[in-house]
Structure formats: structure tokens, C-alpha cells
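Undergrad: Here is my input, please return the structure:
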Amino acid sequence: MDSKAREFPESLKEFIRIRDAHCQTPYCNGVPEEIDHVVQHHLNGPTTVHNSSFRCSFCNKAKELPGWYEKVDPYLPHSIVIDTGDGRTYRSLAPPATGVVRDIAPPVIHLPKHQRE
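TA: Residues are numbered from 1 along each chain as shown. Below you'll find the predicted structure:
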């Protein structure tokens with residue numbers, strides 16, 4: 001679904017709208033309206049699912065403020081690290097996909113001896 005163009009293709013936009021159900025800036029309750037790059041395109045940010053976010057108009061413009069810096073966390077999928085320029089750093093994580101959630105390692109269940117046989 002990645003693109004070499006600056007504009008996100010419609011299929012990628014639809015995925016991002018589903019993935020990011022609300023504005024991806026922490027503590028914001030704004031209605032998401034704009035899909036944009038986390039690392040701006042003019043700073044060589046790729047047009048990919050990992051370098052995208054769905055934000056309200058205000059937050060999308062706020063990331064252009066001097067000192068505001070965002071990056072994609074390479075170790076946590078769909079996670080953004082935001083440095084607001086005032087010494088605070090936040091992490092934004094897209095909500096989990098809907099459906100069945102399975103633990104990688106389910107908890108061990110200790111059964112009484114008579115139930116193990």
C-alpha cells in the first residue's frame with residue numbers, strides 16, 4: 001500500500017481512517033480530518049502506512065511549529081514519538097485492530113492434579 005507519490009492513494013487513506021479512529025495527537029479530542037505524513041514529505045518522509053497519521057486540522061498544523069518534532073517509532077508499529085519543543089515528549093499509538101486479539105503466549109493455567117488426568 002506504500003506510494004512513491006507525495007499524495008496518499010485512496011486505498012491507503014481508507015486504511016489510515018480505519019486504523020486511526022481519532023486524532024493521533026495525545027490528549028486531543030478533535031475530530032480527525034487530515035491524513036498527513038508524520039515525518040514531513042519535504043524532510044524525506046516516505047508516503048507509507050507507518051509514516052502516516054489521521055489528525056484534526058489544528059494538530060496537523062501544530063506539528064509545523066518551530067521546535068515540534070515527530071518521528072515514527074521503528075520498534076513499535078503504528079507508533080509516533082512527539083517532541084513538542086517545550087521539553088515534553090509523548091507517544092501516540094494507534095488503537096488495536098478490531099477483531100479477535102490473541103496473546104502470543106497465553107497464561108499458564110494451573111489445574112488441580114485430578115483435573116490434569
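Undergrad: mind showing which ranges of the chain have poor pLDDT?
TA: 1-4, 97-117 (pLDDT under 70).
Undergrad: Do you have the helices of it handy? List them.
TA: 10-19, 57-62, 113-116 (DSSP state H).
Undergrad: Contact partners for Met25?
TA: For residue 25 the amino acid is Thr, not Met. Listed by C-beta atoms under 8 Å, 6 or more residues apart in numbering, the contact set of Thr25 reads Arg55, Cys56, Cys59, Ala62, Ile82, Ser92. Glycine gets a C-beta too; all of them are placed from N, C-alpha and C.
Undergrad: Can you tell me which of these is nearest Pro9?
TA: Ranked by distance to Pro9 (C-beta to C-beta), these are led by Arg55 at 18.6 Å.
Undergrad: For that closest one, which residues count as its bridge partners?
TA: Bridge pairing for Arg55 (DSSP bridges) gives the partners Glu34.
Undergrad: one step back: take the helices of the chain and lay them out in JSON lines including mean neighbour count.
TA: JSON lines is the format used below for the helices of the chain (neighbours: other C-beta atoms under 10 Å):
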{"stretch": "helix 10-19", "mean neighbour count": "14"}
{"stretch": "helix 57-62", "mean neighbour count": "16"}
{"stretch": "helix 113-116", "mean neighbour count": "7"}
